[in-house]
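Novice: okay, structure incoming, though there's no sequence with it:
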């Protein structure tokens, strides 16, 4: 098998003296739709922060195409092609929709097939209608669409979504899942954290169950469906 696009190897991360990750290990292949699932407080967001350079692991390796990331600042991690849709969205509320999107724009495609403002507006027509509105004037669902669009405008090799549909109305959640379906069909490499297991089972190639700061199980959607006791034990569904 070829080298994974992302490799997380035995990372241990701390908040001051409190340890949050205890040998976190998993990998993601290029073009794979992968998940980190588990109960709250088990280390999923800490893993994302450790991958993105927002929290420096005390031990272990984070490799992207074999390049070590664990000691890099977040902006240098992003330059390798990692895009993050953070928990809580964290859009620029004092900028317009258009300004939020163009602020992070970066082309990685000489073929011209990358993400552009026009493509984002095709993906999320409601953002096109709100083009000149400030981020603070958007609904929660629109802010999440904007956060996804902003990450896509960096044309990431790997897109990470932390709590992709948390707190959103059912119709908005459906729009987000439709978006993720399109990204999967386009071959985008994705890691998703979300509590809505049903859509993840339909979309994801590989799942990683996180418990107390480590991966305790990895496998396909078919394998996870056949072992409902895993979801009951580790996810609570």
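Specialist: Looks like it came in fine. Owing to the predicted nature of the structure, the values given are computational and were not obtained by experimental measurement.
Novice: in the chain, which spans are strands?
Specialist: 6-12, 14-15, 18-19, 24-28, 33-37, 59-64, 67-68, 82-85, 158-162, 189-193, 206-211, 214-219 (DSSP state E).
Novice: of all these, which lies closest to residue 145?
Specialist: strand 82-85 (10.0 Å; CB to CB). In short, each C-beta sits where N, CA and C put it, glycine included.
Novice: contacting residues around the residue nearest to the spatial centre of the chain?
Specialist: Against the mean C-alpha coordinate of the chain, by CA atoms, centre = their mean, the closest residue is residue 160 at 1.7 Å. Listed by CB atoms under 8 Å, 6 or more residues apart in numbering, the contact set of residue 160 reads 48, 51, 52, 82, 83, 84, 85, 190, 191, 192.
Novice: ok, now with 10 Å
Specialist: Applying CB atoms under 10 Å, 6 or more residues apart in numbering, we find residue 160 in contact with 6, 28, 34, 36, 47-48, 51-52, 82-86, 151, 189-193.
Novice: for residue 58, same thing?
Specialist: Contacts of residue 58 (CB under 10 Å, 6+ apart): 11, 12, 13, 14, 19, 21, 50, 70.
Novice: would you map out the domains in the chain?
Specialist: 6-81+157-234, 94-155 (automatic domain parsing).
Novice: related to what we said a few turns ago, just put the contacts of residue 58 in a markdown table and tack on distance to residue 203 and neighbour count.
Specialist: Below are those laid out as a markdown table (distance: CB to CB, whole Å; neighbours: other CB atoms under 10 Å):
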| residue | distance to residue 203 | neighbour count |
| --- | --- | --- |
| 11 | 26 | 26 |
| 12 | 30 | 17 |
| 13 | 28 | 23 |
| 14 | 33 | 15 |
| 19 | 32 | 14 |
| 21 | 26 | 27 |
| 50 | 24 | 25 |
| 70 | 29 | 20 |
